[in-house]
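Undergrad: Quick one: sequence and predicted model below, then my questions.
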Amino acid sequence: QVQLVESGGGLVQAGGSLRLSCAASGRTFSSSAMGWFRQAPGKERVIVAAVNWNGDTTYYADSVKGRFTVSRDNAKNTVYLQMNSLKPDDTAIYYCAVRDGRYISTIDPAYDYWGQGTQVTVSS
């Protein structure tokens, strides 16, 4: 049974940093693209960042470029999201996702496995 477990969320002041982790179990994802999405209250879930199967290609939403960094450790079956210079607008539930494909996609339906989400709250 495939499981994705996010951790690292919490409450932080504007300008602060958090590092999210997503550990996958049940199978290896070294040939899979992985992504981070977020859903703010009353809004649709949107992509934040994604990384291809070997980590050499990344994607970032315009709203987080220059502040967030996505990375992966295939030996640990884990993907990370380093979030710096956080803003109140970054407040959301953050989800990691994995797709059965090597290359990045920016849309929800392309991803096959999802974590349960972790809350990130940025206070002003």
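TA: Yep, it's here.
Undergrad: From now on I want contacts and neighbour counts done on CA atoms only, so please keep to that.
TA: Fine.
Undergrad: chain center to stretch 51-71, what's the gap?
TA: 9 Å (CA atoms, centre = their mean, to the nearest Å).
Undergrad: Ok, stretch 48-66 next?
TA: 9 Å.
Undergrad: So what touches that stretch?
TA: 29-38, 47, 68-72, 74, 101-106 (CA atoms under 8 Å, 6 or more residues apart in numbering).
Undergrad: filter the residues you listed to the buried ones?
TA: Burial by neighbour count, judged by 16 or more other CA atoms under 10 Å, picks out 29-30, 32-38, 47, 68-72, 74, 101-106 from the contacts of stretch 48-66.
Undergrad: which ones among these are found in strands?
TA: Members of these lying in strands (criterion: DSSP state E): 34-38, 47, 68-72.
Undergrad: Between which two of those is the distance greatest?
TA: The largest distance within these, taken as CA to CA, falls between Arg38 and Arg72 and amounts to 18.2 Å.
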